[in-house]
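Colleague: take a look and give me a structure for this.
(one chain, ligands or ions: 1)
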Amino acid sequence: MTSNVPATAAAPLRPDSKTAAAVALRCLDLTSLRDDDTTASIQALAARAATPHGAPAALCIHAPFVAVARAALHAHGLDGVRVATVVNFPHGQGRPDEVVHDIEAARAAGADEIDMVFPWRALLAGDRQAGSTLVAAARRACDVGPKPACLKVILETGELREPRHIREAAEIAAAQGADFLKTSTGKVAVHATPEAAACLLDVIRAHGGRRVGLKVSGGLANVEDVQTYLALAAETFGPDGLTPDRLRFGASSLLTSLLAVLDGRAAGAPAAGY
Ligand SMILES: O=C[C@H](O)COP(=O)(O)O
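Modeller: Residues are numbered from 1 along each chain as shown. Just a heads-up that it's a prediction; the model follows:
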């Protein structure tokens with residue numbers, strides 16, 4: 001991202017709202033994970049991805065709608081928009097064989113990306129192996145075939161609460177092959193926070209293996225939220241590293257705010273230090 005404000009030696013400044021909205025749109029996983037989703041509602045979601053300012057990175061929907069989403073995106077000329085779905089969602093308590101089966105089925109239906117909930121309750125109970133075993137199995141399932149699926153691991157940071165638990169879960173997920181560390185399901189009381197995102201970015205910086213990205217999700221409603229996370233992410237990825245292969249925003253109610261700023265119908269907050 002070529003921010004409109006010079007980065008300082010101390011830390012990059014928050015981008016202005018229009019810059020933030022443009023980056024967030026490119027990095028958006030446009031999401032609907034409602035229990036009452038229907039073919040029609042997912043088709044409507046796909047139609048929303050065709051904006052005058054460009055398309056989001058992905059659609060994130062429940063597994064039964066993967067084929068519907070793929071067909072609807074195609075109908076709108078959006079074959080470049082990825083289809084993501086969730087597994088072990090939202091509670092993170094599935095058996096590895098069940099989760100692997102669900103990943104295989106989602107990929108067979110056309111899913112490009114898998115957002116999998118980490119067994120965070122097991123970790124809080126002192127069981128590190130459960131998360132390591134599950135992420136490793138999911139990585140293997142995502143790597144089958146000529147085009148590996150992107151694996152995003154949902155850590156549920158709002159339930160892990162303490163930085164030491166968030167870091168421990170993030171380190172396990174990164175070590176076992178996660179492509180992205182994702183904050184939240186959006187289904188618990190505490191969603192993404194800047195503090196949790198900072199913990200995940202610390203782990204990403206320290207991780208020596210494959211490149212790992214950050215997905216901020218849960219409760220994102222306006223451009224001001226995005227500006228905070230962009231400033232944090234730029235410290236790790238650099239201002240030009242805020243791209244969909246490293247950063248995502250998972251949100252079901254952010255697009256309207258982004259388009260309002262991009263259309264000039266909403267001012268949003270100016271650039272500022274954070
Ligand atoms: O990315 C997945 C989340 O469910 C999105 O959360 P949200 O519905 O609060 O935007």
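Colleague: quick one: contacts for Leu160?
Modeller: Trp120, Leu123, Leu124, Ile166, Ala169 (CB atoms under 8 Å, 6 or more residues apart in numbering). Yep, even glycine has a C-beta here, placed from its N, CA and C like the rest.
Colleague: name the element the spatially most central residue of the chain belongs to?
Modeller: Centroid check for the chain by CA atoms, centre = their mean gives Lys215 as the closest residue, at 3.2 Å. In this assignment (DSSP states H and E), Lys215 forms part of strand 213-217.
Colleague: show me what Ala251 bridges to in the sheet.
Modeller: Leu30 (DSSP bridges).
Colleague: and it, what does it touch?
Modeller: Taking CB under 8 Å, 6+ apart, one finds Leu28, Asp29, Leu30, Thr31, Ser217, Leu220, Ala221 in contact with Ala251.
Colleague: buried ones from those, can you make that a PyMOL selection?
Modeller: With 16 or more other CB atoms under 10 Å as the criterion, this PyMOL line picks the buried residues out of the contacts of Ala251:
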select buried, resi 28+29+30+31+217+220
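Colleague: just give me the closest of the contacts of Ala251 to the ligand.
Modeller: Ser217 (3.4 Å; CB to the nearest ligand atom).
Colleague: who does whatever helix or strand Val226 lives in touch, helix- and strand-wise?
Modeller: In the assignment (DSSP H and E), Val226 maps to helix 223-237. Helices and strands touching helix 223-237, by 3 or more CB pairs under 8 Å, 6 or more residues apart in numbering; DSSP states H and E, are helix 17-26, helix 194-206, strand 213-217, strand 247-251, helix 255-262.
Colleague: what subset of the contacts of Ala251 is also close to the ligand?
Modeller: Contacts with the ligand within the contacts of Ala251, counted by CB under 6 Å from any ligand atom: Thr31, Ser217, Leu220.
Colleague: which residues sit against the strand holding Lys215?
Modeller: For strand 213-217, contacts defined as CB under 8 Å, 6+ apart pick out 29, 31, 115, 152, 154, 179-186, 191-192, 197, 200-201, 204, 229, 233, 236, 245-251.
Colleague: buried subset of these?
Modeller: Those of those that meet the buried threshold are 29, 31, 115, 152, 154, 179-186, 191-192, 197, 200-201, 204, 229, 233, 236, 246-251, by 16+ other CB under 10 Å.
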